[in-house]
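Asks: Dropping the sequence and predicted coords here.
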Amino acid sequence: MSASVIEPTSSRRAARQEDGNRPALKVEGLWKIFGPKADKILGTPDAQLSRKELQSKTGCLAAVKDVSFEVARGEVFVVMGLSGSGKSTLVRLLTRLIEPSAGTVTIDGEDVTQASKTKLRTLRRNHMAMVFQQFGLLPHRKVIDNVAYGLEVRGEGKAARLARAQEMVDLVGLSGYERSFPDQLSGGMQQRVGLARALAVDPEVLLFDEPFSALDPLIRRDMQNEVCRLHEEVGKTMIFITHDLQEALKLGDRILIMRDGEIVQIGTPAEVVANPADDYVRDFVSEVPRSHVLTLRYVVRPPRPGEELDGPVMQADRIVRDAAQQVLRSSQPVRVFDGEDFLGVVDDDDILRVVVAEEAP
Amino acid sequence: MSTVTSARERKAGPAVKPPASSTEARSASVLSTLRRQWRRTLLVAVVLLWVVLWAVLHGTQTLEIGGADKTDVHLWLNSVRDAFDSARTNSAFFEYVVQPITDGVNGLVTFLQSLFSQGTATRPVPQVGWLGVVALLAWLTFTFAGIRSMILVAVCVLLFGFFGYWQQSIDTLIVTFVTVVLCAVVGLPLGIWMARSKRASSVLTPVLDLMQTLPSFAYLAPLALVFGIGPAAAIVTTIIYSLPPLVRITEHGIRNVSPTTLEAVTSMGGTAWQTLVKVQLPMARRTIVVGINQCTMAALSMATIAALINGPGLGQPVLQSLQSLDVGGAFVSGLAIVLMAVMLDRTTTAASERSVVAARFQKRSRSGLMPGPKRRVTIVTIGAVLAGVAVYLSHSYLALAQFPASPDLGSPLASAVSNATQWVVNTFAGFTGWLKDTVTAALVDPLQSLLAQAPWWVMVIVLLGVALALGGLRAAAVTVVCEAVILGTGLWNESMKTLATTLVATLLVIVAAMALGVWMGRSKIVDSAIRPILDALQTIPSFVYLVPALALFGPTRFTAIIAAFCYGVPIATKLVADGIRGVSPVTVEASESMGTTSWQMISKVQLPMSRSAVVLAANQGLLYVLSMVVVGGLVGGGGLGYLVVAGFSQSQLFGKGLAAGIAITALGVMLDRITKYTAARLGRD
């Protein structure tokens, strides 16, 4: 697939995945087992036990089990799971806020897991930044000083860091609140401060730990749009933890679904919805409006004999909902291409089957 | 309804009747019930055994010794004292460690006294006279706590003078100030260290526990032995007493900094030092200032008791009046202490509130949003100039240096109080006498007889059994050690008498605390009405509680019980109230929806769910009561406290007093551990 011929709506995603050979983040065989003598379990057959069996046998909790994945530069990678699935532990392992039991994490070519204390501090100061569910702001500092904190600890001069912090405050739309204290702001605004603080250090990778779970639904939607907008503007690699499938589908280029510390499926939103890996995922995505997620690739069919092949042309990664009107308006079936390759056709029936199927009980 | 019941009874009838062959099964089931309820069984068995053995054997093997009798241990302790006295001049440890500390502290206190409170050989009045001191204090309070505190301080300090206790008041302030500064120097780093290192915390926490469990009376003598009587020993005792709250609260404040914030800061790569200075300390500032406040109040309380080892200050006149049963004099000096407590409490609280506000607005003023602070700076500067002028004037003119003898409020107030007390005592003699006699006859005498008249080995077993039943194995282990220590001091009988008095007062405290605490826990209005009173009572130094008790009941055991009761009730009540309040509102709502009456709510939901808080209240009540009961030795309380007091005044009884101090400690540790472990067990179940 070459980026130049893809439709503009989806070129961003594809371009990101293609850009640069080195992944922004690479995780290999990551484990975390909590409990007494947790180290001794790894490498024994016990490690293969299910979480429940392990806990009743040894009293240890396998929070993250043998997780590997790669995140491309500029990608928004969502880790989704219910509470207790190990997703919050996973994101903390990435910056060693929790020490992994085994495995490696490489950010921007640097091995985080092997880094010395000083090296780790440098990595944290320069290469990654995190946004927390409970904000984690410093209540005794003004907004501007909160945003500048990361620059302050890495020793930047006062004038420079305040200027940079002001830029970030403006970027997240908090202009005018620089001199407020966190407790004078609403939850959504406090999280904007958290966002600005993370962006201020200009990290390679932004980590979000359920950043919007503590917010009201309307404000949550605003903040999701804000993240989309910021991603357009600054193009950072983002690892986004959530328990909300809608949020995952909305933001994610790819989604990792976790259960009991293990990976169940990794894929694009459309893959996950169209081909759930197991019943657990199927159950999860059953309520999702499929037309909002599926692309034409998943509804395309070979042309029937005698079908006219002179209808309009569309690319395979166009979302069904976006394509629907045009397909329905056209009297001929739409021809679907993946780049230059002809995949098949889509007609009114194919579209309606996706749209109407989700109405069915 | 009745038919249903009868039907059920009929149906149940045959099932309840056991088959004839199952007597074995029944006895087995009784055994298993006993095993399940072994605590209760053991408790009942121990009490029965105790009463039976007491009935048969009472009056024998009680280990009672006469007031002037001394055992070998006491004589040996006397010789230890003599050894210490001679070691002071010819031991390296004393010469290079103890003596420099003693001299340093004494020198500092003497220097401050010569500055602010007492004349010296070369100058009959202090360097800074009363006007200068008042002006300085007022200026300091204004700068750190605001204008209202300044007025309070000025009025209080002037009142001290008019009461006739100018010099003693300033001495007390000096001792308290020096103590708090030393506590801060030692305590803040310790608290920070404990918050950051689990190991430090687990090593130091028991030490702090011990420092707080020890009744202050117990360590007066040993410290006087090491540092000699005077300001140095007084300040060291005061530090021991007031350091733990500061360290604990500092640790708590830093530990309680939101973990999310800490995680956020760590994720940004802050060093440990940056995290401490930029995040933890600023976020814990308010809590730490509360710690300073607690430390100050404790220091004031202990500084007055340190009068017993010749510590300078307001404790001296209270002590003299108590010992000569001069209620009027004790009242006036006691009132001065209370005023000082109120003054220090209000001022430090106001200062802490201001520090938080100031931190927010100081920086804003730079951007011109708040013009206020600039004006304040001007006022503070003018105030400093005025205070400087006042200091100079009071240094130069005798009239402004020596506090004027008139108007004298102290003497008329003292005689008025004496007369009023006389009147009250005469008028209500019937009631107070009846109360005293009833409680003594109904509670104190029987319990004291049970405890002190039973043979010593019976009591050893009884205490052990109770400890095992209530607190479990660890409590029993501590009890064995403490019993051995008490037996070793040769004061078993006196200890049992003190224990009896303590238990009676604690029982009264628990009854009162449960009633008041439940009431407060259930009603916000009652809580907001009573809590300030309890807070105020808690700021009053323990010494002062003896004064009204002495006035009403004269020098008896009962006086100590009443004083201990008043001293223990506030803390215990607050703990019960907090426990009741802490019961999940959802549970309360759920049981309310099922039609629970108020009494059912209290007895079936609120008290059971807060039982560990109630036991904790009993624990704190016990410790407060014990420390007061021994101080009650000053006013005829008898028991171990009297021996401690006698040890200070009579040289040949020193060893016995020291032994009494050790016995008090053992008693305190034993009672504390038993109740602590009980509370922990109840909290777990």
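Replies: Here it is on my side, so go on. Residues are numbered from 1 along each chain as shown, chains lettered A, B, ... in the order given.

Asks: okay, which residue is most central for chain A?
Replies: Compute the mean C-alpha point of chain A, and by CA atoms, centre = their mean the closest residue is residue A:78, 2.3 Å away.

Asks: list the contacts for the residue lying closest to residue B:267 once chain neighbours are set aside?
Replies: Leaving aside its sequence neighbours, residue B:267 sits nearest to residue A:130 (CB to CB, 6 or more residues apart in numbering or on different chains; 4.4 Å). Placement of C-beta: from N, CA and C, glycine included. Shown in contact with residue A:130 (CB atoms under 8 Å, 6 or more residues apart in numbering or on different chains): A:91, A:95, A:198, A:206-209, B:264, B:267.

Asks: Can you flag which of those residues belong to helices?
Replies: Secondary structure from DSSP state H places A:91, A:198, B:264, B:267 of the contacts of residue A:130 in helices.

Asks: Out of the residues you listed, which is nearest to residue B:651?
Replies: Here the nearest of the ones in helices among the contacts of residue A:130 to residue B:651, counting by CB to CB, is residue B:264; it sits at 64.0 Å.

Asks: what about that closest one, how many neighbours?
Replies: As a burial measure, residue B:264 scores 29 neighbours (other CB atoms under 10 Å in any protein chain shown).

Asks: so what's it closest to, chain neighbours aside?
Replies: Take residue B:264 and drop its neighbours on the chain: the residue closest to it by CB to CB, 6+ apart is residue A:136, 3.2 Å away.

Asks: Now do the SS call for the residue nearest to the centre of chain A.
Replies: Classification of residue A:78 using DSSP: H, G, I helix; E, B strand; the rest coil returns strand.

Asks: Quick check: bridge partners of it?
Replies: With DSSP bridges as the criterion, residue A:78 is bridged to residue A:240, residue A:255.

Asks: That one touches residue A:250, doesn't it?
Replies: No: using CB atoms under 8 Å, residue A:78 is not in contact with residue A:250, being 9.2 Å away.

Asks: From residue B:454, how far out is the residue lying closest to residue A:80 once chain neighbours are set aside?
Replies: The shortest distance from residue A:80 to any non-neighbouring residue, by CB to CB, 6+ apart, is to residue A:248 (4.4 Å). Going from residue A:248 to residue B:454 by CB to CB, to the nearest Å gives 74 Å.

Asks: From the ones in helices among the contacts of residue A:130, pick the one nearest residue B:279.
Replies: Within the ones in helices among the contacts of residue A:130, the smallest distance to residue B:279 is 9.3 Å, found for residue B:264 (CB to CB).

Asks: What are the buried residues along the host helix or strand of residue B:676?
Replies: Per DSSP states H and E: residue B:676 is located in helix B:654-684. For helix B:654-684, the neighbour count (16 or more other CB atoms under 10 Å in any protein chain shown) marks B:654-682 as buried.

Asks: go on, stretch A:225-241?
Replies: Going by neighbour count (16+ other CB under 10 Å), the buried part of stretch A:225-241 is A:226-227, A:230-231, A:236-241.

Asks: Adding distance to residue B:560 and pLDDT as columns, could you present the ones in helices among the contacts of residue A:130 in JSON lines?
Replies: As requested, the ones in helices among the contacts of residue A:130 are exported to JSON lines (distance: CB to CB, whole Å; pLDDT from 0 to 100):
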{"residue": "A:91", "distance to residue B:560": "62", "pLDDT": "91"}
{"residue": "A:198", "distance to residue B:560": "63", "pLDDT": "90"}
{"residue": "B:264", "distance to residue B:560": "55", "pLDDT": "88"}
{"residue": "B:267", "distance to residue B:560": "58", "pLDDT": "87"}
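
Asks: and which of the residues you listed is nearest to residue B:223?
Replies: Nearest to residue B:223, judged by CB to CB, of the ones in helices among the contacts of residue A:130 is residue B:264 at 46.7 Å.

Asks: Quick check: what element follows the helix ranked longest in chain B along the chain?
Replies: Using DSSP H, we find that the single longest helix of chain B is helix B:327-366. The helix or strand immediately downstream of helix B:327-366 is helix B:372-396, counting by DSSP H and E.

Asks: Other residues contacting whichever helix or strand comes after that next one?
Replies: The first helix or strand that comes after helix B:372-396 along the chain, using DSSP H and E, is helix B:398-401. Under the contact criterion CB under 8 Å, 6+ apart, helix B:398-401 has outside partners B:125-126, B:129-132, B:390, B:393-395.

Asks: By proximity to chain B, which residue of the stretch 201-350 of chain A wins?
Replies: Nearest to chain B, among the residues of the stretch 201-350 of chain A, is residue A:201, at 7.0 Å (CB to the nearest CB).

Asks: how near is the residue nearest to residue B:264 to residue A:197?
Replies: 9 Å.

Asks: More neighbours: the two, which one.
Replies: Comparing residue A:136 with residue A:197 by other CB under 10 Å, the one with more neighbours is residue A:197, at 29 against 25.

Asks: what about the closest residue to that one other than its chain neighbours, distance to residue B:507?
Replies: Spatially, and ignoring its direct neighbours in sequence, residue A:197 is nearest to residue A:147 (4.9 Å; CB to CB, 6+ apart). Counting by CB to CB, the gap from residue A:147 to residue B:507 is 59 Å.

Asks: Determine which member of those two has the greater number of neighbouring residues.
Replies: The residue with more neighbours, out of residue A:147 and residue B:507, is residue A:147; 33 against 16, by other CB under 10 Å.

Asks: Just the pLDDT at that one, thanks.
Replies: Predicted confidence (pLDDT) for residue A:147: 92.

Asks: and it, what does it touch?
Replies: Each residue near residue A:147 by CB under 8 Å, 6+ apart is listed here: A:165, A:168-169, A:193, A:196-197, A:200.

Asks: which among those residues gets closest to chain B?
Replies: Taking the contacts of residue A:147 together and measuring to chain B by CB to the nearest CB, the closest member is residue A:197, at 7.8 Å.

Asks: For the closest one, give me its contacts.
Replies: Counting by CB under 8 Å, 6+ apart, residue A:197 touches A:129, A:137, A:146-147, A:149-150, A:168, B:264, B:268.

Asks: Could you list which of those residues belong to strands?
Replies: Counting by DSSP state E, those place residue A:129 in strands.

Asks: top of the contacts of residue A:197 by neighbour count?
Replies: Neighbour max across the contacts of residue A:197 (other CB under 10 Å) = residue A:147, 33 neighbours.

Asks: what separates it from residue B:98, distance-wise?
Replies: To residue B:98, residue A:147 is 55 Å away according to CB to CB.

Asks: Repeat that for residue B:135.
Replies: From residue B:135 to residue B:98 the distance is 38 Å (CB to CB).

Asks: Which one of these two is surrounded by more residues?
Replies: residue B:135 (22 against 18).

Asks: Angles on the backbone of residue B:251, please.
Replies: phi -60, psi -50 (degrees, to the nearest 10).

Asks: Correct me if wrong: it contacts residue B:187.
Replies: No: Residue B:251 is not in contact with residue B:187 according to CB under 8 Å; the separation is 9.8 Å.

Asks: nearest spatial neighbour of residue A:298, skipping sequence neighbours?
Replies: Of all residues not flanking residue A:298 in the chain, residue A:274 sits nearest, at 4.3 Å (CB to CB, 6+ apart).

Asks: Tell me, how many residues neighbour the one you found?
Replies: Neighbour number of residue A:274 under other CB under 10 Å is 18.

Asks: Ok, the one 4 residues further on next?
Replies: Burial measure for residue A:278: 11 neighbouring residues, criterion other CB under 10 Å.

Asks: That one - nearest residue in space that isn't next to it in sequence?
Replies: With sequence-adjacent residues excluded and distances taken as CB to CB, 6+ apart, residue A:278 is closest to residue A:264, at 6.5 Å.

Asks: Tell me the strands beside the helix or strand encompassing that neighbour, with direction?
Replies: Secondary structure from DSSP H and E places residue A:264 in strand A:262-267. Here strand A:262-267 has these sheet partners by DSSP bridges: strand A:254-259 (antiparallel).
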